[in-house]
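1. Attaching a predicted model along with its sequence, questions to come.
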Amino acid sequence: MKIINGGVASAKGFETSSVEANIKYKDRKDMALIYSESPCKMAGTFTKNVVKASCVLWDKELNESGTDIHAVVVNSGVANACTGKQGYDYCMQTAQAVSKVLPVKYHEVLVASTGVIGMQLPIDKITNGVDMLSKGLEHSEEASLQSAQAIMTTDTKPKHMAIQFDIDGKTVTIGGMCKGSGMIHPNMCTMLSFITTDISISKELLQEALSTDILDTYNMISVDGDTSTNDTVLLLANGLAGNKTITEKNDDYYKFLDALHHINEEFAKKIASDGEGATALVQAKVINAKTKDDARTIAKSIICSSLTKCAIFGHDANWGRILCAMGYSGVDFNPDNVEVSIADDTQTILIFKDGSAVEYSEDEASKILSKPVVNIIADIKMGNFSAIAYGCDLSYDYVKINADYRS
């Protein structure tokens, strides 16, 4: 497996484009198109929020129908959530607009939106944007970067990458882009992720691979504890790599799963580290838990704690907040046996052991908590299972950003 320069249009047969449609933003691109002339198998995972955006409902129906997919249209600025029948009809009109300018059927087109909840899409701008997008499709690194930029809202940087690996003597490429900065607490922020690959694989195994992997990647992120109405991960495979089609869980399947995990894990870190107002990526690792679910639950509880997040922003090794968050996670453990440490890439400091604090240098601990990546390690000493959750600190800027988001 090797990382290559590229993104959502890196795999064979995929193209992308982006345009300024002036949906909400007036000075930047705000629509993107992903296209494969060859039909794609599709896998998808979606928000568990009962209030689902119209685009989520549209994509879920297409995923459940088993239809082949050729294109994805994404807009930023307006979420198309809480928009009723009109919002759903606009999804269809967007797909129909694609079918008029590209050789695809409307039910082979996925749609995704991110932005303000409750506003109706300016459908004339959307359909005009589709027409412009169809004329600018490219299979290039630069086009991939610009599409990643077009789907941003409060994100401070584009998030995209690509990797290659060999299966069955063929080179397989996986590329993708994602966005997310606030309203991030996936439960499958506004979190969107689009992954493309030229591997040949059955739809059933493609879906199983994605559904399995999100448990330890996207579902282990939290920025603010708010599960969005629009969370969507879409995975498209067009089969152009030419490998023997994967129809069973053999070595080729697990090699693909490892590569998919690498992409998803990196995207999870990118989203968490770019949390609104964040100054640090926080990685909470729980080790030696009784079960995998226990490890996930405790790790997620640590990175969801507002008090812990504030302490990290203040570079304060306030281990009491970490223990408190672990204690209300709902997992039964003996705090008198737990060890908690903090670490960066050069050193690890033990701050709690056997039910009480241990001696450590507050200055050294503060240095660790001042780094762009902060690691919290909690040893439960009850079993052999581990998990990592990804979050960020909580700064003054988070409130500033969200106090006037609609304007």
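-> On my side now, so go ahead.

2. Need phi/psi at residue 391.
-> phi -140, psi -160 (degrees, to the nearest 10).

3. nearest residue to it other than its sequence neighbours?
-> Distances taken as Cβ to Cβ, 6 or more residues apart in numbering put residue 303 closest to residue 391, at 3.0 Å, once the chain neighbours are dropped. Any C-beta I mention is one placed from the backbone N, CA and C, and that applies to glycine too.

4. ranges for the strands of the stretch 1-150 of the chain?
-> Chain-ordered strands for the stretch 1-150 of the chain, with DSSP state E, counting those that start in this stretch as the definition, fall at 2-4, 14-19, 31-46, 69-78, 109-116.

5. before we move on, the earlier item: so who does the residue nearest to residue 391 touch?
-> By Cβ atoms under 8 Å, 6 or more residues apart in numbering, the residues touching residue 303 are 222, 272, 282, 284, 309, 389-391.

6. now these in JSON lines, with neighbour count, distance to residue 51 and secondary structure?
-> Formatted as JSON lines, these follow (neighbours: other Cβ atoms under 10 Å; distance: Cβ to Cβ, whole Å; DSSP: H, G, I helix; E, B strand; the rest coil):
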{"residue": "222", "neighbour count": "28", "distance to residue 51": "19", "secondary structure": "coil"}
{"residue": "272", "neighbour count": "26", "distance to residue 51": "23", "secondary structure": "helix"}
{"residue": "282", "neighbour count": "26", "distance to residue 51": "28", "secondary structure": "strand"}
{"residue": "284", "neighbour count": "28", "distance to residue 51": "28", "secondary structure": "strand"}
{"residue": "309", "neighbour count": "28", "distance to residue 51": "25", "secondary structure": "helix"}
{"residue": "389", "neighbour count": "27", "distance to residue 51": "24", "secondary structure": "strand"}
{"residue": "390", "neighbour count": "26", "distance to residue 51": "25", "secondary structure": "strand"}
{"residue": "391", "neighbour count": "33", "distance to residue 51": "23", "secondary structure": "strand"}
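
7. what's the closest of the residues you listed to residue 245?
-> Nearest to residue 245 out of the contacts of residue 303 is residue 390 (Cβ to Cβ; 33.5 Å).

8. Chain neighbours aside, what residue packs nearest to that closest one?
-> residue 272 (3.8 Å).

9. How confident was the prediction at that neighbour?
-> On the pLDDT scale, residue 272 is placed at 90.

10. State the three-state secondary structure for the most far-flung residue of the chain relative to its centre.
-> No residue in the chain sits farther from the centre than residue 359, which is 38.5 Å out by Cα atoms, centre = their mean. Secondary structure for residue 359, judged by DSSP: H, G, I helix; E, B strand; the rest coil, is coil.

11. Repeat that for residue 176.
-> Classification of residue 176 by three-state DSSP places it in strand.

12. show me what contacts it?
-> 7-8, 160-162, 193-196, 263, 267.

13. Now do it, the pLDDT please.
-> Residue 176 carries a pLDDT value of 98.

14. May I have the beta-bridge partners of it?
-> residue 161, residue 195 (DSSP bridges).

15. Tell me where the protein has helices.
-> Secondary structure of the chain (DSSP state H): helices at 54-65, 84-101, 123-134, 141-150, 203-213, 251-273, 292-304, 306-313, 319-327, 362-369, 396-403.

16. pLDDT on the second one, on average?
-> In other words, helix 84-101. 98.

17. And the fifth one, by the same measure?
-> Regarding helix 203-213, the rounded mean pLDDT is 97.

18. again, but for the fourth one
-> Mean pLDDT, helix 141-150: 97.

19. buried stuff in it?
-> 141, 143-150 (16 or more other Cβ atoms under 10 Å).

20. The longest one too?
-> Of the residues in helix 251-273, those buried under the neighbour-count criterion (16+ other Cβ under 10 Å) are 252-253, 255-257, 259-273.

21. ok, now the first one?
-> Residues of helix 54-65 classed as buried under the neighbour-count rule (16+ other Cβ under 10 Å) are 54-56, 58-60, 62-63.

22. quick one on the thing from earlier: and the pLDDT for the residue farthest from the centre of the chain?
-> 94.

23. One more: residue 304?
-> On the pLDDT scale, residue 304 gets 92.

24. Give me the distance between it and residue 222.
-> 5 Å (Cβ to Cβ, to the nearest Å).

25. picking up where we left off before, need the buried residues of helix 141-150 in a markdown table with distance to residue 98, can you?
-> Output for the buried residues of helix 141-150, formatted as a markdown table (distance: Cβ to Cβ, whole Å):
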| residue | distance to residue 98 |
| --- | --- |
| 141 | 24 |
| 143 | 17 |
| 144 | 19 |
| 145 | 22 |
| 146 | 19 |
| 147 | 15 |
| 148 | 20 |
| 149 | 21 |
| 150 | 16 |
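
26. what about the strands of the stretch 1-150 of the chain, which gets the closest to residue 371?
-> strand 2-4 (23.0 Å).

27. Which neighbours in the sheet does the closest one have, and how are they oriented?
-> Under the rule (DSSP bridges), strand 2-4 has strand 159-167 (antiparallel) as partners.

28. give me the low-pLDDT residue ranges for the stretch 301-407 of the chain?
-> 405-407 (pLDDT under 70).

29. run the last query once more with 80
-> For the stretch 301-407 of the chain, residues meeting the criterion pLDDT under 80 lie at 401-402, 404-407.

30. try the stretch 51-200 of the chain
-> In the stretch 51-200 of the chain, residues with pLDDT under 80: 181-191.

31. List the contacts of residue 129.
-> Counting by Cβ under 8 Å, 6+ apart, residue 129 touches 19, 21, 23, 31, 75.
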